[in-house]
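> Give the three-dimensional model of this entry:
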Amino acid sequence: MARNFMYGIAELKFGEKTVGYIEKGSFDWGGSKPESTDIEAEQVPDAPVLSLAQKNGQISPTFNLIQLDYETLQAMLGGELVGSTGSYTGWKAPTSLIQISGAWTIKLVSGQTVSIPNGMIMANLGGKLTMTEVSKLECQLKVLKPSDGSAPYEINDTVEE
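Sure, this is the predicted structure:
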C-alpha cells in the first residue's frame, strides 16, 4: 500500500506561492537526531543507569531550487523587484540583513502533505554558469516552533480542494 511510504515532491509552497522546480535528488530532510544524556553509576560499569532526554529529533530540509524567476528570487532572498507587477525585468539583492519566514507546505507524490507553520528560509545563489547545468538557490529551511506552541510540523493525507 503506497500510504505506508513517503516519496516524491509534487509541490513546494511558501505561503500561497508555489516556489518552482526543485533540482532532482537535492531534497534532504536534514536536521538532527534526538539527544540524551546518559547517567553512569560507579557500581554499574556495563551500561548507563538512566538516560535523560534533552532534545527531540528535528528536521531542517535542504534543497536546490532551480526555477529562478525574479519573484522567486525576491521571495527566497529578499531584496527588491525591478519593473511592474506581472512584468518584472530584474531583481536587486537585499542591502541589509533579512529574515524570511512563514508557512510552508510540501505535497508529496505518495499522497501526504507536510505542513510547517513557521519555517525560516536561508538561501544563497549557487551552482555554475555553464551550458551543462543551471544556477540554483541552495536552500535550508529551519523549522521553528510556532508562536501558538503547536507542533513544529505535521504530516497528513493530502486533501484536494
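> who does residue 36 bridge with?
Residue 36 has these beta-bridge partners by DSSP bridges: residue 53.
> Now the most centrally placed residue in the chain: which helix or strand?
Nearest residue to the geometric centre of the chain (CA atoms, centre = their mean): residue 141, 3.2 Å. Element membership for residue 141 (DSSP states H and E) is strand 135-143.
> picking that back up, who are the contact partners of the residue nearest to the centre of the chain?
The contact partners of residue 141, by CB atoms under 8 Å, 6 or more residues apart in numbering, come to 60-63, 104, 116, 119-122. Any C-beta I mention is one placed from the backbone N, CA and C, and that applies to glycine too.
> now residue 77
Residues near residue 77 by CB under 8 Å, 6+ apart: 93-94, 98, 100, 123-125, 137.
> Report the mean per-residue pLDDT for the longest strand along the chain.
Ranked by number of residues, the top strand in the chain under DSSP state E is strand 112-127. Average pLDDT, strand 112-127: 96.
> What residues sit buried inside it?
For strand 112-127, a neighbour-count test (16 or more other CB atoms under 10 Å) marks 112-123 as buried.
> Between strand 135-143 and that strand, find me the angle.
130 degrees (axes from the mean of the first three to the mean of the last three CA atoms, to 10 degrees).
> Closest one to residue 53 out of the contacts of residue 141, please.
residue 60 (19.5 Å; CB to CB).
> in the sheet, who's paired with that closest one?
Residue 60 has these beta-bridge partners by DSSP bridges: residue 30.
> now the residue nearest to residue 129 when sequence neighbours are not counted, which residues is it bridged with?
Leaving aside its sequence neighbours, residue 129 sits nearest to residue 135 (CB to CB, 6 or more residues apart in numbering; 6.4 Å). Per DSSP bridges, the residues bridged to residue 135 are residue 127.
> again with residue 80
Beta-bridge partners of residue 80, counted by DSSP bridges, are residue 92.
> is it true that it touches residue 88?
No. In this structure, residue 80 is not within contact of residue 88 by CB atoms under 8 Å, at 10.1 Å.
> Which residues does stretch 17-27 contact?
Looking at stretch 17-27 with CB under 8 Å, 6+ apart, the contacting residues turn out to be 9, 11-13, 61-69, 71-72, 75-76, 136.
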